[in-house]
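S.K.: 3D, please:
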Amino acid sequence: MKNKSLSLGVVGVLAMLFVLSFVSAATISGIQTVDPYANSFTVQLNGLVGETATIDINDVVVNGNTLVDFEATITHTLTTVSDTIIIDYTAYPTYFQYGKTYSSIMEMNKGLLSSTNYTINTKAKDFCENCSNAGNLKITIENINVVSGFGDDDNYWYPMDEVEIELTIENDGNWDIKSIDTDWALYTTDGKKIADDELSTFKLKEGDDKTLKFTIKLDEDISDFEGQDVILYAKAKGTISDNNAGTHDNEETGSSDSVQVQMITDDNFVILDNFELSGVELDNTLTLENYSVICGEEIEFLADVWNIQSDDEQDVSVNIYNKELGINQKIEIGDVDAFDKEDLNVKIKLPSKIESKWYSLLFEVLDEDGDIFENSEDGVSSYNVKFKIEGCNVKVIPLISAELNSEAESGKDLTVKTIITNPGNSEVTYNVKISEYSEWAELKTSENTEITLKAGESKEVEISFKTNKNAVGDKFFNVEILSGDEVLAKQPVAVTLEKSTTQVKDFIVNNWKLIGIILLNLILVIAIITVIVKIYRR
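M.R.: Below you'll find the predicted structure:
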């Protein structure tokens, strides 16, 4: 009977506890939205004194990233009918998308058979951190420009793009604002911070504005972009500094702006980045500025071969080409994993007998089929690297043509028009020399004429002779082009001189007095002979 009574007693206690679990019904009140920048929040645990409740909160996890890490399970016994419970946590705001609410479940067990679930909301503040703006400070993301890469300004970006951002900060209020700090940050749409920075500090008087520029290179942990777009945030915060502001004087004021841009990471696309030529990094235009290389030397190209999309690529190669330099070389790169890179390292021997000028070397990235990689926006993985070659001894041979520019008669002036052309790609200075003419003519123009020709330019040089009176038939002279003392080109020029049809006339015109005396004497002789004949006949 004793054992039976004891069993009934246990059952009675359990029944009482079962009833009490419904009667006491411990609850939680005062649930608030968790601020990720704080370290704890409070709730009220309500119930019977001596009642014990166990609280457990699930961590906030998004895409495998823990946004809020709540402390371990909390067990609390009520000392009053309403106890304040402090719940500690660690938050990681670099993963938050500003302004978005994230939810978690808080489970409370109270008794053997009773439990209740509560929703805990976590919300990241806006990028300005809910700042007030009595001073009407305004910031605007004004312009976005992709300065290198394959993106299109604010329409879409690719990993490894370099993007220039222009911000406009305006004081649209009625008071001066000092100590204005400007910050920016780039996040993925799942809340992962990619990059951030602080810009200059300045002040703005009422009605003034300021423009700031900065660049972002999308080359940090590019796998974070997979399946994500990006959001660019910018904020400006300052302090009102105006005696006319009344109670707002020395009050913080500010605002923020944001732009969301599409990220493309699902193309089959492999690119080149970070070009170096013989240890010198090339600029955004892939030009080796302020440096040159020497004819005949060996140059070395380095570059990163980046696979900027989510699939692995096999048998990647790079073709390098320039017809003038006689370069057509294929470099095997091999397999390139998704969002990873391999190195391009190639040495090229430059020819010795080439012209000193700017050259462009074409780099093309090829897939396993030997086709150039092309993205969905018609961008082609092709690059022109520009550099200047100097120290070459090859002379540019000029082109010479000549044509008669007057009548060709003996004893008369003869004019020949000569055209000299520079077929090269740089400016040159020539001496034009005339030779082999002395046997049939006298040169009336200068024997040596200096001319300077730009690349591809032509100039006329007029040559004038005084031909000898007895010079008849085919005659020749040479047009020689010299650079210093070196004859670069010699062009024989042929002319055919005709006997002059005006020599007798010219003789009469030039000797009319002598001809008149001869004619007069001839007339006198004839008259005397006539008189003598008449006298003789008589």
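S.K.: which helix in the chain runs the most residues?
M.R.: helix 512-537 (DSSP state H).
S.K.: quick one: average confidence on it?
M.R.: In this model, helix 512-537 carries a mean pLDDT of 75.
S.K.: buried sites along it?
M.R.: Counting neighbours by 16 or more other Cβ atoms under 10 Å, one finds that helix 512-537 has no buried residues. For every residue, glycine as well, the C-beta is placed using N, CA and C.
S.K.: Ok, stretch 256-263 next?
M.R.: Residues 256-258, 261, 263 are the ones in stretch 256-263 that count as buried (16+ other Cβ under 10 Å).
S.K.: With stretch 301-321 instead?
M.R.: For stretch 301-321, burial by neighbour count (16+ other Cβ under 10 Å) applies to 301, 303-309, 313, 316-320.
S.K.: likewise stretch 136-155?
M.R.: Across stretch 136-155, burial judged by 16+ other Cβ under 10 Å covers 136-141, 144, 146, 148-152, 154.
S.K.: Make sure Gly246 is indeed in a strand.
M.R.: No - with DSSP: H, G, I helix; E, B strand; the rest coil as the criterion, Gly246 is helix rather than part of a strand.
S.K.: Make 52 the starting number, not 1.
M.R.: Fine by me, first position is 52 from now on; the one you just mentioned is Gly297.
S.K.: where does the chain have low pLDDT?
M.R.: Within the chain, the ranges that satisfy pLDDT under 70 run 52-76, 144-145, 162-165, 444-445, 552-563, 588-589.
S.K.: Tell me where it has helices.
M.R.: Under DSSP H, the chain gives helices at 53-75, 554-561, 563-588.
S.K.: which ones are touching Pro449?
M.R.: By Cβ atoms under 8 Å, 6 or more residues apart in numbering, the residues touching Pro449 are 471-474, 479, 481, 504, 532, 539-540.
S.K.: just so I have it, where are all the strands in the stretch 102-251 of the chain?
M.R.: Taking DSSP state E, counting those that start in this stretch as the criterion, the stretch 102-251 of the chain contains strands spanning 103-108, 111-113, 116-121, 125-128, 133-142, 152-160, 166-174, 188-199, 207-208, 213-222, 228-239, 244-255.
S.K.: My understanding was that Val344 contacts Phe438; is that so?
M.R.: Yes - in this structure, Val344 is within contact of Phe438 by Cβ atoms under 8 Å, at 6.0 Å.
S.K.: what sits in contact with each of those two?
M.R.: Shared contacts of Val344 and Phe438, counting by Cβ under 8 Å, 6+ apart, come down to 328, 350.
S.K.: Can you tell me how far Thr503 is from Val512?
M.R.: 12 Å (Cβ to Cβ, to the nearest Å).
S.K.: The two: who's more crowded?
M.R.: More neighbours surround Val512 than the other of Thr503 and Val512, with 19 against 11 (other Cβ atoms under 10 Å).
S.K.: check contacts around that one.
M.R.: 468-471, 483, 500, 502.
S.K.: Same check on Ile192?
M.R.: Taking Cβ under 8 Å, 6+ apart, we find Ile192 in contact with 216-218, 283, 285, 308-310.
S.K.: Let me know which of the strands of the stretch 102-251 of the chain is the nearest to Pro402.
M.R.: Closest to Pro402 of the strands of the stretch 102-251 of the chain is strand 188-199 (Cβ to Cβ; 30.3 Å).
S.K.: Given that closest one, what are its sheet partners and their directions?
M.R.: For strand 188-199, the paired strands and their directions (DSSP bridges) are strand 213-222 (antiparallel).
S.K.: Give the bridge partners for the spatially most central residue of the chain, please.
M.R.: Centroid-nearest residue in the chain, with Cα atoms, centre = their mean: Ser199, separated by 2.8 Å. Beta-bridge pairing of Ser199 under DSSP bridges involves Glu213.
S.K.: Any idea how many residues pack against Glu213?
M.R.: Glu213, neighbours per other Cβ under 10 Å, totals 18.
S.K.: for the one 4 residues further on, same thing?
M.R.: Look at Glu217: counted by other Cβ under 10 Å, it has 14 neighbours.
S.K.: Quick one: residues contacting it.
M.R.: Neighbouring residues of Glu217 by Cβ under 8 Å, 6+ apart: 192-196, 262-264.
S.K.: any idea how far Asp204 is from Val197?
M.R.: With distances taken as Cβ to Cβ, Val197 is found 6 Å from Asp204.
S.K.: do Val112 as well
M.R.: 35 Å.
S.K.: what do you get for Ala104?
M.R.: Look at Ala104 and Asp204: by Cβ to Cβ, they are 56 Å apart.
S.K.: Leu333 touches Leu339, doesn't it?
M.R.: Yes - applying Cβ under 8 Å, one finds Leu333 in contact with Leu339, separated by 6.0 Å.
S.K.: Find residues that contact each of those two.
M.R.: Between them, Leu333 and Leu339 share the contacting residues Val436, judged by Cβ under 8 Å, 6+ apart.
S.K.: ok, what's across the strand from Thr338?
M.R.: On the basis of DSSP bridges, Thr338 is bridged to Lys437.
S.K.: check contacts around it.
M.R.: When contacts are counted by Cβ under 8 Å, 6+ apart, Thr338 touches 436-438.
S.K.: What separation do you get for it and Lys254?
M.R.: For Thr338, the distance to Lys254 equals 39 Å [Cβ to Cβ].
S.K.: Asp272 too?
M.R.: 36 Å.
S.K.: what about those two, which has more around it?
M.R.: Ranked by neighbour count (other Cβ under 10 Å), Asp272 and Lys254 place Lys254 first, with 15 against 11.
S.K.: from memory that one sits against Gly289, does it?
M.R.: Yes - at 7.3 Å, Lys254 and Gly289 qualify as touching, with contact defined as Cβ under 8 Å.
S.K.: before we move on, the earlier item: for the contacts of Glu217, which one is nearest Lys400?
M.R.: For the contacts of Glu217, the nearest to Lys400 is Asn196 (38.7 Å; Cβ to Cβ).
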